Structures are given as C-alpha cells and as structure tokens.
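1. Could you look at this predicted model? Sequence included:
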Amino acid sequence: MSCLRRVGPTLVLLLAGLSARADNWPQWRGPTLDGVSKETGLPARWTATENVVWKLKLPGVGGSTPVVWDDRVLLTSEDGDAIVLLCVGTDGKVKWKKAFGKATPHARTDEGNGASATPSTDGKHVWAFAGSGELACFDLDGKEVWMFNLQDRYGRFDNQYGIHSTPVLHKDRLYLQLIHDGAAVVVALEKGTGKEVWKVERKSDGVAENKHSYASPSLWQKGDDAYLITHGNDYTIGHRLEDGKEIWRVTELNPKAKYNPTLRFVATPVATPELIVVPSAKNGAVVAVKPDAAGTVSPGSKGELWRKTSGTPDVPCPLVHDGLVYICRENQGILTVLDAKTGQQVYSERIYADRYRASPVYADGKIYLSSRKGVVTVVKAGRTFEKLAENRLPDQMSASPAVANGRIYLRGFETLYCIGAAK
C-alpha cells in the first residue's frame, strides 16, 4: 500500500491544497523584494474586457503598487486633498478607506504624487507612507495602531520632485532612507510602535541635484543572513541591520572625472542571494556587486563582479532571474538582457515605444513590462527575445504589476484592474 493511500483521502486533499497554495505580494517588488513571483497559470493576453476578472474605479491618482495578502488588496491613492489607504477585497469591493496624509503637488505635471510609496503588510498590519510625511500603521480591519510625520521627527523634506521612497519591512522593523537637501539619514523603526531603533547619517560628497534620491531601500537576503541597501547621492551603500553600520560602498556611479550634478538616482538596486545589481541614472553605469563585498567597491575591485559604463535604467528597477539581468530603459521602450555572471549583452530589443516608470516583473515564465500609456508588453523569459503579447488598457500607469493567488493586479491612474485567465 502506498504512503498516500495509508494516510487517507482527507489528508491527501489537505496536502494537495497546501502544495498548491499561492504566494501573497506583501510589499513593493513582491515576496522576495526582487520582482519575482512563483505563480503559474497567468494570462499573457488581455483586453479592456477579456481576462479582466474585475475593475474598480479609484478615488484619485497614485503610483503605489498594490500589495496583496490572502483576500485583501491594499494601496494608497489621492482622494481630493487627502492621501488614503484603500483595502479592497479580491472580489473587487472596497472593504475600508482611511485618510492618513495630505495630497502633494504632482511631479513633472503627470508623474509622482503623494501616493507613490507602496504599502507593506505582514498579514496582520499594513504600513503606509504619504509624500506629505505621514507614516502610519493600521490593522487589516482599518484600525489605526500608530502614526507620525517623518518631517516632524527628521526634518522638512527638500527634494525637487518630492519624497516617494518606499520603506522596507523585514521581520520586526521598518527601514527607511531619507536622502534630500535637508537630510541624509537611514532609519530603523519598530514596526509595532514606530519607535526609532537606530538612525545613521549617510555621508556623501555629492552636490546639487544628486542630493535628491527618489530610490527606495532594498534588502539582500540569503538564509538567515541579510543586510540593508540604500541608494542615492552618488553612492550605493550596504548597512548592517542591527545598527546601520556601513558594510560596503559602491563608488564611481557618478565618475569624478566627468561629474554630472544632475545625476539623481530613481531606480532601486535589486538584490538576489548571489548577485546585487546597482543602477545609476541617465544612461550611466550598471554595477554587479558580490553579496560578500566589503569596504569600497570601485571599478575592478574585489567586491565587483562586473561593471558596464552605460545602459542603466533611469526609473524602472533591474530584474534578475535564472542567470539573466533584465533592464527596461525609461524613455525608449528598449528591453536589454545581460548575462548575470559576465554582464555581456544577450539581446536588446524594442518592446513598445513609450515612457516606462514601472519595474518589470517575472512570473510564469514571462516578463511583464508596463508603460505609461497603459500598454503591458509580455515577453517570454530567456535568452531569446520573443514578444508574447501587447496588451492595452484605457488608463495611464506608473505602478508596477503585483502578482498573487493566480491574479495580476494592475494599478492605473483611474482604475485598479484584476487580470486572470478565463475559466
């Protein structure tokens, strides 16, 4: 008699259900903070009606990516003069809405606003940040746990286009980078109380617009080991989680010999267990950093795996999967794929000519790339370029796709779309 027959049909069904359990998407860039999902059975094609499970009119504009935990979808949005946190059921119905911040001017007329930072959730609470400085914690029923304004604690924000950085949630802490003309600090907070655990000054010799970072912190993890990565003001820095102490620093992202005073960083580094890919800005350098790097990571140094002097994405973050690095250029609609070990180009192809603000996402053997005009191009993952679909929705998009529980969530300026294969 087989083992499965001995345990009985009820347990067999239970085990099958557990093995098929899908992933949540708990914060920006997903469950492993790298834009990679393990979901399968996702559609490559949709229209405004085909493979649209539901759509929800939003109260206002925003660029925050939805986060998903079981039957709840959470995102921030403008709502008149307020920034609100919305909780939407996976049936497309609003469960609750909480105002917690103030609307701020739109950057570059139609770009980022006070609802640009993505929330984070651990399945019990959700943390949300507004561009006006409010950082808030709610339970998943919408009850406020704590809230304060970062500007009251750490100084007035002074960035040309506002603060849009998304905090990183890891275990019992939130990690933030605040890099602008008025401050350059990295902060760890207790997630349950908002109390400061540590704060470190982030030293730099950068000047002018370079002091304005629009990137978010990221996290390198391998097993039980982890450290924080911050990005801005000419440098990328690795920090110990326990006290914020600097581990390594990537230099020459803005070479001193031909210094650019307008090279502000927007795209965030992506970290995988074996590789950290660091972008810069304005067609500048892309650097592959070894996770065990220490000290100064300069061109040709021991902590560097490879460095390309040009070709960086300016806004979308890099994506790393199965030995390849995917780079989406922000104003050209060009997808460039590099070998992760060598940095050598595998291919470079135009996907759709438009601005790109969203970061690419991998799921189900596909790369999903969202453009500002609401066109999502789907490319087959791998070393050979193959466009699978070009999907159009009647909306504008700057938020990255979220993938959870067999669905793709696309946040437009007007509408939240739930995409799924027809049954």
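-> Arrived safely.

2. Pull up the distance across stretch 381-401, start to finish.
-> One end of stretch 381-401 sits 16 Å from the other (CA to CA, to the nearest Å).

3. Pull out the buried residues from that stretch.
-> For stretch 381-401, the buried set under the neighbour-count rule, 16 or more other CB atoms under 10 Å, comprises 381-382, 391, 393, 395-401. Just so you know, the C-beta spots here come from the backbone N, C-alpha and C atoms, and that holds for glycine as well.

4. will you turn those into a markdown table that also has pLDDT, secondary structure and distance to R156?
-> Shown next, in a markdown table, are the buried residues of stretch 381-401 (pLDDT from 0 to 100; DSSP: H, G, I helix; E, B strand; the rest coil; distance: CB to CB, whole Å):
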| residue | pLDDT | secondary structure | distance to R156 |
| --- | --- | --- | --- |
| A381 | 98 | coil | 44 |
| G382 | 98 | coil | 48 |
| N391 | 98 | strand | 42 |
| L393 | 97 | coil | 38 |
| D395 | 97 | coil | 34 |
| Q396 | 96 | coil | 30 |
| M397 | 96 | coil | 31 |
| S398 | 95 | coil | 25 |
| A399 | 97 | coil | 27 |
| S400 | 97 | coil | 29 |
| P401 | 98 | coil | 34 |
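
5. From E201, how far off is E134?
-> 24 Å (CB to CB, to the nearest Å).

6. for the record, mean pLDDT for the helix or strand hosting C418?
-> Secondary structure assigned from DSSP states H and E places C418 in strand 415-419. The pLDDT scores in strand 415-419 average 98.

7. what do you get for stretch 99-109?
-> In this model, stretch 99-109 has an average pLDDT of 89.

8. how much space between S310 and G238?
-> 24 Å.

9. the more surrounded of the two?
-> Taking neighbours as other CB atoms under 10 Å, S310 and G238 compare with G238 leading, 24 against 10.

10. What sits closest to that one if chain neighbours are left out?
-> I247 (4.0 Å; CB to CB, 6 or more residues apart in numbering).

11. my read: that neighbour touches A294, true?
-> Yes - with contacts counted by CB atoms under 8 Å, I247 reaches A294, the gap being 6.3 Å.

12. what about the strands in the stretch 1-150 of the chain?
-> Taking DSSP state E, counting those that start in this stretch as the criterion, the stretch 1-150 of the chain carries its strands at 52-57, 67-69, 72-79, 82-89, 94-102, 120-121, 125-129, 134-139, 144-149.

13. my bad, the stretch 201-350 of the chain
-> Counting by DSSP E, counting those that start in this stretch, the strands of the stretch 201-350 of the chain are 218-222, 225-232, 235-239, 246-250, 270-272, 275-278, 286-289, 295-297, 304-308, 319-321, 324-328, 334-339, 345-350.

14. In JSON lines: those strands, plus mean pLDDT.
-> Shown next, in JSON lines, are the strands of the stretch 201-350 of the chain (pLDDT from 0 to 100):
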{"stretch": "strand 218-222", "mean pLDDT": "98"}
{"stretch": "strand 225-232", "mean pLDDT": "98"}
{"stretch": "strand 235-239", "mean pLDDT": "98"}
{"stretch": "strand 246-250", "mean pLDDT": "98"}
{"stretch": "strand 270-272", "mean pLDDT": "98"}
{"stretch": "strand 275-278", "mean pLDDT": "98"}
{"stretch": "strand 286-289", "mean pLDDT": "98"}
{"stretch": "strand 295-297", "mean pLDDT": "98"}
{"stretch": "strand 304-308", "mean pLDDT": "98"}
{"stretch": "strand 319-321", "mean pLDDT": "98"}
{"stretch": "strand 324-328", "mean pLDDT": "98"}
{"stretch": "strand 334-339", "mean pLDDT": "97"}
{"stretch": "strand 345-350", "mean pLDDT": "97"}
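
15. Out of those, which is closest to G420?
-> Closest to G420 of the strands of the stretch 201-350 of the chain, according to CB to CB: strand 319-321, at 22.2 Å.

16. Counting by contacts, list what the closest one packs against.
-> On a contact count with 3 or more CB pairs under 8 Å, 6 or more residues apart in numbering; DSSP states H and E, strand 319-321 meets strand 270-272, strand 324-328, strand 361-363.

17. Tabulate the strands of the stretch 201-350 of the chain in CSV, adding columns for distance to L416.
-> Formatted as CSV, those follow (distance: least, CB to CB, whole Å):
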stretch, distance to L416
strand 218-222, 25
strand 225-232, 28
strand 235-239, 33
strand 246-250, 36
strand 270-272, 25
strand 275-278, 30
strand 286-289, 33
strand 295-297, 40
strand 304-308, 37
strand 319-321, 23
strand 324-328, 22
strand 334-339, 26
strand 345-350, 29
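
18. what about the stretch 1-150 of the chain, any weak spots by pLDDT?
-> Filtered on pLDDT under 70, the stretch 1-150 of the chain yields the residue ranges 1-22.

19. coming back round to it: the more surrounded of E134 and E201?
-> For E134 and E201, the more surrounded residue by other CB under 10 Å is E134, and the numbers stand at 20 against 10.

20. wait, isn't the more buried one in contact with F148?
-> Yes - with contact defined as CB under 8 Å, E134 counts as touching F148 (7.5 Å).

21. could you measure G412 against V67, distance?
-> Separation of G412 from V67 (CB to CB) stands at 16 Å.

22. sorry, that was for N391
-> Counting by CB to CB, the separation of N391 from V67 is 22 Å.

23. contacting residues for the residue lying closest to V88 once chain neighbours are set aside?
-> The shortest distance from V88 to any non-neighbouring residue, by CB to CB, 6+ apart, is to V73 (4.4 Å). Listed by CB atoms under 8 Å, 6 or more residues apart in numbering, the contact partners of V73 are 66-67, 87-90, 409, 416.

24. so which of those comes closest to A128?
-> V67 (9.7 Å).

25. Verify the stated contact: the closest one with A117.
-> No - counting by CB under 8 Å, V67 stays clear of A117, with 11.4 Å between them.

26. still on that earlier bit, have a look at G412 and V67 and say which one is more surrounded.
-> Higher neighbour count among G412 and V67: V67, with 26 against 20, using other CB under 10 Å.
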